[in-house]
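J.: could you work out the structure for the sequence below:
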Amino acid sequence: MSKLHVQEWTRPGATRTAVLLHMLTQSSNTWWRVGPELAERGYRVLAPDLPGHGHSPRAATYSIDAMVEALVASVPAGPDLVVAHSFGAIVLARCVEVIAPARVVYAEPAWVPVGDRSRFEFYQSQKRWTIDDVRAESPKWPAEAHAAKLESLRLWDAETLQAIDGFPGLEPAAPRVPSLIVTADPSRIIPAERVERLRAQGYTVRVQADSAHVLHNEDFDGFMKSLADWV
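T.: You can find the predicted model right below:
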């Protein structure tokens, strides 16, 4: 698979590198506010569009392994920070030792089995969404986030759902670098009992109150506060 399209935010004199990984159906546009904020904090920020998303290449078939391969070929090894949201956290967990970041943030990592076909049908229905549908689904988001989501859906190849078909869930290995997990409250994918297991493994876990799955759009200030001593 060809290298991925990578959106970049940076400022003169940037001394650190951050990589941002989006969820299924989204694109690097989802980081419209996080990217510039990290750039202001001295990072060169790289946000790839995963295969079949945004402006990255399409493929005849999609798999998590192929997405991992494309990601590893498209971002530099040894970044100071990787922030991976939802499906992006699945991809990162499969190659975190290869990319070898100094620190990791897993935001609402989708490490759970996909479940029944209704989940696929929900994702597929999003290809027909209008801006009103996006607003209805996520009323707390700012207008810029609604626009970014709609544009991401326009560019998204729904065949990427092949990558999660039959996904059995993932039990991550104990972290080898400082690793923060940020979850929503309530979270449909990281229940309280799993939080305790992850903490026992060595992950730092923080709960973003009164939020939902796309933490950085639901409450940007709360999300950055969760990351305050991590970035």
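
J.: name the nearest residue to the residue positioned nearest the centre of the chain, ignoring sequence neighbours.
T.: Nearest to the mean C-alpha position of the chain, counting by CA atoms, centre = their mean, stands residue 85 at 2.2 Å. Leaving aside its sequence neighbours, residue 85 sits nearest to residue 107 (CB to CB, 6 or more residues apart in numbering; 4.4 Å). No exception for glycine: its C-beta is placed from N, CA and C like everyone else's.

J.: just how off-centre is the helix or strand hosting residue 134 within its chain?
T.: Residue 134 is part of helix 131-137 when elements are defined by DSSP states H and E. Offset of helix 131-137 from its chain centre (CA atoms, centre = their mean, to the nearest Å): 21 Å.

J.: elements contacting that helix?
T.: If contacts are counted by 3 or more CB pairs under 8 Å, 6 or more residues apart in numbering; DSSP states H and E, helix 131-137 sits against helix 143-155.

J.: got a list of what residue 11 touches?
T.: 39, 40, 42 (CB atoms under 8 Å, 6 or more residues apart in numbering).

J.: so which of those belong to helices?
T.: Using DSSP state H, 39, 40 are the members of the contacts of residue 11 that sit in helices.

J.: which stretches in the chain count as strands?
T.: Assigned strands in the chain, in chain order: 6-9, 16-21, 43-48, 81-85, 103-107, 179-185, 204-209 (criterion: DSSP state E).

J.: now tabulate those strands in TSV and tack on mean pLDDT and distance to residue 146.
T.: Output for those, formatted as TSV (pLDDT from 0 to 100; distance: least, CB to CB, whole Å):
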stretch	mean pLDDT	distance to residue 146
strand 6-9	98	19
strand 16-21	98	19
strand 43-48	98	19
strand 81-85	98	17
strand 103-107	98	19
strand 179-185	95	19
strand 204-209	94	20
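
J.: poorly predicted segments of this structure, please.
T.: 1 (pLDDT under 70).

J.: helices of that one, residue ranges please.
T.: For the chain, the helices defined by DSSP H cover 34-40, 64-74, 87-99, 117-125, 131-137, 143-155, 192-201, 215-218, 220-226.

J.: hey, which of the ones you listed is tucked in deepest?
T.: helix 215-218 (a mean of 24; mean count of other CB atoms under 10 Å).

J.: what helices and strands are in contact with that one?
T.: strand 179-185, helix 220-226.

J.: what's that helix in contact with?
T.: So helix 215-218 is contacted by 30-31, 33-34, 85, 107-108, 138, 140-142, 145, 182, 184, 208, 211-212, 222-223, 226 (CB under 8 Å, 6+ apart).

J.: before we move on, back to that, let me see the contact set for the residue nearest to the centre of the chain.
T.: By CB under 8 Å, 6+ apart, the neighbours of residue 85 are 20, 21, 22, 23, 26, 30, 107, 108, 214, 215, 216.

J.: same check on residue 112?
T.: 169, 189.

J.: may I have the distance across stretch 14-28, first residue to last?
T.: Start to finish, the residues bounding stretch 14-28 are 20 Å apart (CA to CA, to the nearest Å).
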